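[1] I need the structure of the sequence given here:
(one chain, ligands or ions: 1)
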Amino acid sequence: MLDIAVFGSGRGSNFKAILDAIADGRLPETRIVLVVSNASDAGILDLARAARLPYRHMSRKQYASEESFVADMLAALRAAGTNLIVLAGYMKHLPAPIVTAFRHRILNIHPALLPKFGGKGMYGSRVHEAVLASHEALTGATVHVVDEVYDHGPIVLQRTVPVLDTDSPESLAARVLEMEHHILPEALRLVAEGRVTVADGETHVHIRPV
Ligand code: GRF
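    Alright, predicted model coming up:
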């Protein structure tokens with residue numbers, strides 16, 4: 001069973017795409033065990049509440065130290081039985097001890113064809129503005145394994161989306177978001193079926209549900 005903790009900072013449409021995939025049977029053997037947001041008013045928390053799922057508002061500002069923040073986040077993840085973390089529009093950098101504790105078990109969805117148009121500061125409309133400014137014929141969406149560097153880890157699944165001459169950053173974002181809603185559940189299904197192997201240096205790590 002894949003027990004997923006979903007992290008998000010915004011409206012949560014990718015989280016909703018996972019919920020819908022579970023509801024209509026496209027994601028067997030998969031459960032959402034926790035939803036975390038750094039923003040107390042984030043739409044993703046409203047969706048979690050409506051779905052009667054466990055959720056936490058966890059922001060570094062609530063804690064006296066980074067250590068206590070990380071300890072509480074780790075405790076919440078472990079108490080929920082998390083064996084995969086999914087970053088779905090999470091705008092904060094995951095603390096390194098969390099990446100270490102869940103090595104090769106954290107996925108992120110990014111609205112571009114990584115490694116292009118990724119990295120610190122490349123989020124939201126900025127990504128699509130950069131794609132348009134570069135006159136790319138194609139953009140797309142990427143699901144990748146998270147490591148300590150923004151948008152850097154091994155790619156699990158990537159799909160292209162055409163860039164139209166008439167595109168604005170908004171129209172491009174909408175077309176890419178639609179593709180995100182397809183590939184994120186698809187990537188989770190691959191992991192749930194034990195079909196994702198991560199080549200990490202010399203080793204090939206098989207990401208499998210425990
Ligand atoms: C998505 O475009 C995702 O690729 C990016 O942040 C956005 C989140 O949107 N990381 P939503 O909150 O899932 O609707």
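
[2] Could you count how many residues lie near the residue of the chain found nearest the ligand?
    As assessed by C-beta to the nearest ligand atom, the ligand sits closest to Gly89 within the chain, at 2.5 Å. C-beta coordinates here come from the backbone N, C-alpha and C atoms, glycine included. Gly89: 26 surrounding residues under other C-beta atoms under 10 Å.

[3] Equivalent analysis for the one 4 residues further on, please.
    For His93, the count of nearby residues is 12 (other C-beta under 10 Å).

[4] Burial check on the closest residue to Met1 other than its chain neighbours, number of neighbours?
    Spatial nearest neighbour of Met1, chain neighbours left out: Glu29 (5.3 Å); criterion: C-beta to C-beta, 6 or more residues apart in numbering. Neighbour count of Glu29, defined by other C-beta under 10 Å: 12.

[5] I'd like the distance between the residue of the chain closest to the ligand and Gln158.
    18 Å (C-beta to C-beta, to the nearest Å).

[6] Tell me if Leu47 really is in a strand.
    No: counting by DSSP: H, G, I helix; E, B strand; the rest coil, Leu47 is not found in a strand; it is helix.

[7] surely it meets Gly12?
    Yes: using C-beta atoms under 8 Å, Leu47 is in contact with Gly12, at 4.7 Å.

[8] by contact count, what packs against the biggest helix by length in the chain?
    The residue-count maximum for a helix in the chain (DSSP state H) belongs to helix 169-192. Helices and strands touching helix 169-192, by 3 or more C-beta pairs under 8 Å, 6 or more residues apart in numbering; DSSP states H and E, are strand 2-7, helix 13-23, strand 30-37, strand 84-87, strand 106-110, helix 125-133, strand 138-145, strand 155-162.

[9] what angle separates it from helix 125-133?
    Helix 169-192 runs at 110 degrees relative to helix 125-133, counting by axes from the mean of the first three to the mean of the last three C-alpha atoms, to 10 degrees.

[10] from the middle of its chain, how far away would helix 169-192 be?
    With C-alpha atoms, centre = their mean, to the nearest Å as the basis, helix 169-192 stands 10 Å off its chain's centre.

[11] do stretch 84-104 as well
    The answer for stretch 84-104 is 9 Å, by C-alpha atoms, centre = their mean.

[12] returning to what we had before: per-residue pLDDT, the residue of the chain closest to the ligand?
    Predicted confidence (pLDDT) at Gly89: the value is 96.

[13] Surely it touches Gly12?
    Yes: if you go by C-beta under 8 Å, Gly89 and Gly12 touch, sitting 7.1 Å apart.

[14] Mutual contacts of the two, please.
    Ile44 (C-beta atoms under 8 Å, 6 or more residues apart in numbering).

[15] show me where pLDDT drops low in the chain?
    200-210 (pLDDT under 70).

[16] How about the residues of it by the ligand?
    Within reach of the ligand by C-beta under 6 Å from any ligand atom, the chain has these residues: 8, 10-14, 88-89, 109-111, 177, 180.

[17] list the contacts for the spatially closest residue to Asp3 that is not a sequence neighbour?
    The shortest distance from Asp3 to any non-neighbouring residue, by C-beta to C-beta, 6+ apart, is to Val33 (4.5 Å). Counting by C-beta under 8 Å, 6+ apart, Val33 makes contact with Asp3, Ile4, Ala5, Pro54, Ala80, Gly81, Thr82.
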